[in-house]
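Trainee: The following block contains a protein sequence and its predicted model.
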Amino acid sequence: MTGKTLYDKLWDSHLVHENDDGSCLIYIDRQLVHEVTSPQAFEGLRIAGRKVWRATANLATPDHNVPTTDRARGVAGIVDPIARLQVETLDQNCVDFAIPEFTMDDIRQGIVHVVSPEQGATLPGMTLVCGDSHTSTHGALGALAHGVGTSEVEHVLATQCLIQKKSKNMRVNVDGKIPFGVTAKDIVLAIIGKIGTAGGTGYAIEFAGSAIRELSIEGRMTVCNMTIEAGARAGMVAVDEKTIDYVKGRPFSPKGEDWDKAVAAWADLHSDDDAVFDCEVVLNAADIEPQVTWGTSPEMVAPISGSVPNPEREPDSVKRIGMERALEYIGLNADMLMTDIAIDKVFIGSCTNSRIEDLRAAAEVAKGRKVADSVALAMVVPGSGLVKAQAEKEGLDKVFTDAGFEWREPGCSMCLAMNADRLEPGERCASTSNRNFEGRQGQGGRTHLVSPQMAAAAAVAGHFVDVRTLASANSNDGEE
Amino acid sequence: MRAFSQHNGICMPLDRPNVDTDAIIPKQFLKSIKRSGFGVNLFDEWRYLDHGEPGQDVATRQINPDFVLNQPRYAGASVLLARDNFGCGSSREHAPWALEDYGFRSVIAPSFADIFYNNCFKNGLLPVVLDADVVEQLFKEAADAEGYALAIDLDAQSVTTPSGEKFDFTIDAFRKHCLLHGLDDIGLTLQHVDAIKAFEAKHRAGAPWLFS
Ligand code: SF4
């Protein structure tokens, strides 16, 4: 018998029932709940007179719709009445169904995908879902995690299970030493650039190889976060020492005797040596440079030393038309240098890049420098209240505000612009988020996806710049 | 859930790959706590020239006459013909809700994003995957003939063009069964309540930390 992949193991250990046609009932250990995709699920339960199967398996927090400015008045301070009603509805549903929630005035509130790992509510070996496509983030801890729709949120609330069909196995191997100035974000953008936004459709992806091992857990979360942008619902990384160290001592993590048992169980959370993957992709970390997207899909990405591609050189006609349309929307000319692209706004945040490590990296670039006069707004939005507190303890807020960045309250913010944080038509943004779709950050807004370092560097320069050429200036502390 | 067995309707071609869920229903409409009423904002940013906000009277909006949905020949369309990777992006079920609320019963494309595909089935909307060259042919035919309609038969798993040409599609047996009968997934799963309880007891014994 051949060995199992990590995905096979996670799947098999949660299989409740298999139907004749191959559809399966999978047990879900944790569901994360936020205000946007849950109201209709709770309403569905009420209409059908159904109960929540296991309330404490859920953890809720509002994130998409919360303001990132003044929080003094709590929920009542949300100006938009429709958004306020949605957050109030979440609070009420959590009370009614006894679901644990970090409300807006709780320091633990933040983006679900930042909050859950931070609390130890995401653990290795778990199955975890959320009504949000970036749930793939949690796979970084050796969990099987993916986004679901609202009907499935309701299904998990009512039954603690999901009806699923098993995906195929893909492994993406990134080997070699990660070059200076290259981050997890650049690695995942390079992966998407290589396999395309539909390259992972139908697969569960395991990220492996020495470069992935070299990444911190935060970095692995950044990689897994964007799995969905490669078309795969779930991305994951095998458990190692770093995983165990990360999980240890967090509020929801196992304690005492349970901890030892858990660690022993987690030792098996890797693909067997003789496991067979349906598809394998290989990248060499040494070839990866800092990346910047130039179009309206995450696969439209180029290294900072490169230039905007020319559709005339694209032989595939469907692709060529897509490129032309993207360039028209994004307002760039073919063949221009990536470093010649000037920006209007900078957004450092989102579930991809708003953890403490991301803020440290951005602050290192911002330190002692100033946001360029041509940049209308540069904002930093921490992923959670605890990330914010930690950053303030380290003085990062001061570094950012001294440099001319705005320092905000935690939430999704300008990642999807459901609240007041958004681009105006035609504005161009260097963003650490995960989607550069048309209108994602505001109607007519133009998004370029980059790492936190590259976003900070662009803020300072007013255009994209190779952060590797800036890095040595850090000794200029205090210089104007 | 609304059942789907057969449907014959006007086909509207949407000639763009990678149509994401935010294009289908922009984020500002996700603030609603209801499941219905999203149809008037389907493809909002392409369909109207002004910016839309929830609760607006759409009669006062500026229509984009160039967008396919606003062309009189596609009035009452109920079959959407699309390109690769339709429904990519967020997991929002508001996307199928908006399509269904507008009046679409089926979407035909060479490929779909996974979560969107799955969400369709929960809402009586049938996603049909056909080969890229077949889809290409349908795009051409739909452009050439006004009133071009497609007949979709879920039971027979076929799409028939006005000239009688028939294309078969594949679909998961369980999903087909649920959609044909309009079955509620939760009700089906709760038939396995004993199996779930037995699994849970065993799981709790092996990994008690997941239950604390
Ligand atoms: S930060 Fe952005 S991508 Fe992440 S959950 Fe919020 S809206 Fe979604």
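Mentor: Done, it's in. Residues are numbered from 1 along each chain as shown, chains lettered A, B, ... in the order given.
Trainee: What's the local residue count around residue B:37?
Mentor: A count of nearby residues for residue B:37, using other CB atoms under 10 Å in any protein chain shown, gives 14. Using the backbone N, CA and C atoms, a C-beta is placed for each residue, glycine as well.
Trainee: Am I right that it is in contact with residue B:101?
Mentor: Yes. The criterion here is CB atoms under 8 Å, and residue B:37 meets it with residue B:101 at 6.7 Å.
Trainee: which residues of the stretch 101-250 of chain A score low on pLDDT?
Mentor: The stretch 101-250 of chain A contains no residues with pLDDT under 70.
Trainee: near the ligand, which residues of it show up?
Mentor: A:111, A:113, A:132, A:134 (CB under 6 Å from any ligand atom).
Trainee: Identify, from those residues, the entry nearest to residue A:157.
Mentor: Nearest to residue A:157 out of those is residue A:132 (CB to CB; 15.1 Å).
Trainee: need the contact list for the closest one.
Mentor: Contact analysis of residue A:132 by CB atoms under 8 Å, 6 or more residues apart in numbering or on different chains lists A:32, A:34, A:37, A:112-113, A:147, B:90-91.
Trainee: And those, which two are furthest apart?
Mentor: Longest distance between any two of the contacts of residue A:132 is 14.8 Å, between A:32 and B:90; criterion CB to CB.
Trainee: who's more crowded, the two?
Mentor: residue B:90 (31 against 25).
Trainee: did I read that right, that one in a strand?
Mentor: No. Per DSSP: H, G, I helix; E, B strand; the rest coil, residue B:90 lies outside any strand segment and is coil.
Trainee: what about residue A:443, how many residues close to it?
Mentor: Neighbours around residue A:443, by other CB under 10 Å: 19.
Trainee: Same check on residue B:165?
Mentor: Residue B:165: 12 surrounding residues under other CB under 10 Å.
Trainee: Angles on the backbone of it, please.
Mentor: Phi and psi for residue B:165, reported as degrees, to the nearest 10, are phi -70, psi 140.
Trainee: Would you mind measuring from it to the ligand?
Mentor: The gap separating residue B:165 from the ligand is 42 Å, by CB to the nearest ligand atom, to the nearest Å.
Trainee: go on, residue A:324?
Mentor: Per CB to the nearest ligand atom, residue A:324 is found 27 Å from the ligand.
Trainee: so that residue touches residue A:309, yeah?
Mentor: No. Counting by CB under 8 Å, residue A:324 sits too far from residue A:309 to count as a contact (11.0 Å).
Trainee: which stretches of chain B form helices?
Mentor: B:21-24, B:44-47, B:94-102, B:114-121, B:132-144, B:173-181, B:185-189, B:193-206 (DSSP state H).
Trainee: of all the ones you listed, which lies closest to the ligand?
Mentor: helix B:21-24 (10.5 Å; CB to the nearest ligand atom).
Trainee: Where does the stretch 201-350 of chain A get nearest to the ligand, which residue?
Mentor: For the stretch 201-350 of chain A, CB to the nearest ligand atom, closest residue to the ligand: residue A:350, 3.9 Å.
Trainee: Spit out the contact partners of that residue.
Mentor: Counting by CB under 8 Å, 6+ apart, residue A:350 has contacts A:111, A:381, A:383, A:412-413, A:415, A:431-434.
Trainee: That one and residue A:226, how far apart?
Mentor: Residue A:350 sits 11 Å away from residue A:226, going by CB to CB, to the nearest Å.
Trainee: swap in residue A:69?
Mentor: 28 Å.
Trainee: In terms of neighbours, single out the busier of those two.
Mentor: Applying other CB under 10 Å to residue A:69 and residue A:226 shows that residue A:226 carries more neighbours, namely 27 against 13.
Trainee: Which of the three states applies to the nearest residue to that one once chain neighbours are set aside?
Mentor: The shortest distance from residue A:226 to any non-neighbouring residue, by CB to CB, 6 or more residues apart in numbering or on different chains, is to residue A:188 (4.4 Å). Recorded secondary structure, residue A:188: helix (three-state DSSP).
Trainee: Could you verify my assumption that residue A:188 touches residue A:221?
Mentor: No. In this structure residue A:188 lies outside contact range of residue A:221 using CB under 8 Å: 10.4 Å.
Trainee: What is the neighbour count of residue B:108?
Mentor: Residues lying near residue B:108 (other CB under 10 Å) number 25.
Trainee: oh sorry, the question was meant for residue A:329
Mentor: By other CB under 10 Å, 15 other residues sit near residue A:329.
Trainee: what's the answer for the one 4 residues further on, then?
Mentor: If you count neighbours by other CB under 10 Å, residue A:333 ends up with 10.
Trainee: So which of the contacts of residue A:132 sit within strands?
Mentor: Counting by DSSP state E, the part of those found in strands is A:32, A:147.
Trainee: Between the contacts of residue A:132, which sits nearest residue A:25?
Mentor: residue A:147 (18.8 Å).
Trainee: close enough to count as contact, the closest one and residue A:228?
Mentor: Yes. The pair residue A:147 / residue A:228 is scored as a contact, 6.6 Å apart, by CB under 8 Å.
Trainee: Identify the contacts common to these two.
Mentor: Common neighbours of residue A:147 and residue A:228 (criterion: CB under 8 Å, 6+ apart): A:133-134, A:136, B:115.
Trainee: is it possible to export those to a markdown table including neighbour count?
Mentor: Below are these laid out as a markdown table (neighbours: other CB atoms under 10 Å in any protein chain shown):
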| residue | neighbour count |
| --- | --- |
| A:133 | 28 |
| A:134 | 30 |
| A:136 | 33 |
| B:115 | 28 |
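Trainee: which of the residues you listed lies closest to the ligand?
Mentor: Taking CB to the nearest ligand atom as the measure, the ligand sits nearest to residue A:134 out of the shared contacts of residue A:147 and residue A:228, at 4.5 Å.
Trainee: Would you enumerate the residues in contact with the closest one?
Mentor: Residue A:134 neighbours (CB under 8 Å, 6+ apart): A:113, A:147, A:225, A:228, A:351-352, A:434.
Trainee: Can you tell me which of those is closest to residue A:275?
Mentor: Comparing those against residue A:275 with CB to CB places residue A:228 closest, at 23.3 Å.
Trainee: May I have stretch A:409-424 exported as PDB, CA atoms only?
Mentor: What follows is the C-alpha trace of stretch A:409-424 in PDB, where atoms were taken according to Å, rounded to 0.1, in the frame of the first residue of the first chain:
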ATOM      1  CA  GLU A 409      -7.900  49.800  14.400                       C
ATOM      2  CA  PRO A 410      -8.100  46.100  13.400                       C
ATOM      3  CA  GLY A 411     -10.300  44.800  10.600                       C
ATOM      4  CA  CYS A 412     -10.500  43.900   6.900                       C
ATOM      5  CA  SER A 413     -10.500  47.600   6.000                       C
ATOM      6  CA  MET A 414      -9.300  48.400   2.500                       C
ATOM      7  CA  CYS A 415      -8.700  44.800   1.600                       C
ATOM      8  CA  LEU A 416     -12.300  44.700   0.300                       C
ATOM      9  CA  ALA A 417     -13.500  48.200   1.100                       C
ATOM     10  CA  MET A 418     -16.800  47.300   2.700                       C
ATOM     11  CA  ASN A 419     -16.300  50.000   5.300                       C
ATOM     12  CA  ALA A 420     -15.200  53.600   4.700                       C
ATOM     13  CA  ASP A 421     -11.600  52.700   3.700                       C
ATOM     14  CA  ARG A 422     -11.600  52.600   0.000                       C
ATOM     15  CA  LEU A 423     -10.000  53.800  -3.300                       C
ATOM     16  CA  GLU A 424     -11.600  56.400  -5.400                       C
END
